[in-house]
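Q: Got a predicted model here, sequence first, then my questions.
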Amino acid sequence: MRAFHLTLRRLLWLGGLLFLLFLGYAVLRQRPQDLPWTDLDLAQPVGLFTGRKLAALTGDAAGCKALLDRAGIAYTAMKPGGADQCHYIDAVRLKPDSDAIALAPASVAPSCPVVAALKLWEWQVVQPAAQRIYGQPVRSIRHFGSYSCRRMYGRSQGDFSEHATADAIDVAAFVLKDGRQVSVLKDWKGEGKDAAFLRDVRDGACRLFSTVLSPDYNAAHRDHFHLDQAERGATGWRACW
């Protein structure tokens, strides 16, 4: 009799486990962006593996551009440039779009994975936060540039920055539809709407970019968010400050 009860308990435990697995699979089928093996789709909400999939595009220039095409993002593919550690092959420049946030200056041409993440950030993070906090959209994002052949922090030695391959962009401020400017330098500190907005968009960026550095990181980032799409191999570790 004891053996019977043990067998019954095991069967019940196994049945419960199978039910939970089936339930989990059914839920995940409704959110393919939460699965590591599904294709990235910029039309989907941000999922558990969206950030890693975006970073993985660093090694797939053609696939990244095809992703932008499927999402209806208008861009100009730039010719490869630079040399050695400062060589880039997948830079793209966004074309003007009255329905989208403009980058200022508009001549900036980050790598395709950075642009893909910027568009998701715009759609899923920045504009929802602006509407929730200000009741109006962001019109433009002011930045300090993307490509720059230099080492980290401008040092003469050490690792090269992600800027050296156009895999980064430095965001300085957001301009709302009514012309109001929200600046990282002036508005990060405090308890008001502007500080809340900046923290919301910084936190949202952490789900999309490999590295996000804000004024919380160090004084060198007191006036901007550093956003990059560094590909860090199998571990895929991410940095968010």
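A: The structure has been received and is ready for your questions.

Q: Which strand in the protein has the most residues?
A: Counting by DSSP state E, the longest strand found in the chain is strand 168-176.

Q: How about residues contacting the next helix or strand after that strand?
A: Per DSSP states H and E, the first helix or strand lying C-terminal to strand 168-176 is strand 181-183. With contacts defined as Cβ atoms under 8 Å, 6 or more residues apart in numbering, strand 181-183 is touched by 142, 172-176, 194, 197-198, 223. The C-beta positions use only the backbone N, C-alpha and C, and glycine is treated the same way.

Q: related to what we said a few turns ago, could you list the paired strands of the longest strand of the chain along with their orientation?
A: Applying DSSP bridges, strand 168-176 is found paired with strand 138-143 (antiparallel), strand 181-183 (antiparallel), strand 225-228 (antiparallel).

Q: okay, which residue is most central for the protein?
A: L208 (2.5 Å; Cα atoms, centre = their mean).

Q: wait, isn't it in contact with R52?
A: No: with contact defined as Cβ atoms under 8 Å, L208 does not reach R52; the gap is 10.3 Å.

Q: burial measure for R52, as a count.
A: Residues near R52, counting by other Cβ atoms under 10 Å, number 15.

Q: And for the one 4 residues further on?
A: A56 is flanked by 17 other residues according to other Cβ under 10 Å.

Q: Which helix or which strand is home to it?
A: Short version, using DSSP H and E: A56 is in helix 50-56.

Q: circling back to that earlier point, show me which pair in the contacts of strand 181-183 is furthest apart.
A: L176 and D223 (18.9 Å; Cβ to Cβ).

Q: So which residues of the chain form helices?
A: 2-29, 50-56, 61-70, 112-121, 127-134, 184-187, 193-205 (DSSP state H).

Q: For the second one, give me every contacting residue.
A: In this structure, residues lying in contact with helix 50-56 by Cβ under 8 Å, 6+ apart are 33, 36, 40, 44, 113, 116-117, 120, 207-210, 229-232, 236, 238.

Q: again, only this time at 10 Å
A: The contact list for helix 50-56, computed with Cβ atoms under 10 Å, 6 or more residues apart in numbering, reads 33-34, 36, 38-42, 44, 46-47, 49, 63-64, 67, 112-114, 116-117, 120, 124, 167, 205-211, 228-233, 236, 238.

Q: Separate out the buried members of those residues.
A: By neighbour count, with 16 or more other Cβ atoms under 10 Å, the contacts of helix 50-56 hold 33-34, 38, 40, 42, 44, 46-47, 49, 64, 67, 112-114, 116-117, 120, 124, 167, 205-211, 228-231, 238 as buried.

Q: If we ignore the residues flanking it in sequence, what's nearest V92?
A: Of all residues not flanking V92 in the chain, Y75 sits nearest, at 4.4 Å (Cβ to Cβ, 6 or more residues apart in numbering).

Q: mind listing what the one you found touches?
A: 65, 68-69, 91-95, 97, 109, 112, 115, 119.

Q: let's go with 6 Å and repeat that
A: By Cβ atoms under 6 Å, 6 or more residues apart in numbering, Y75 lies in contact with 68, 92, 94-95.
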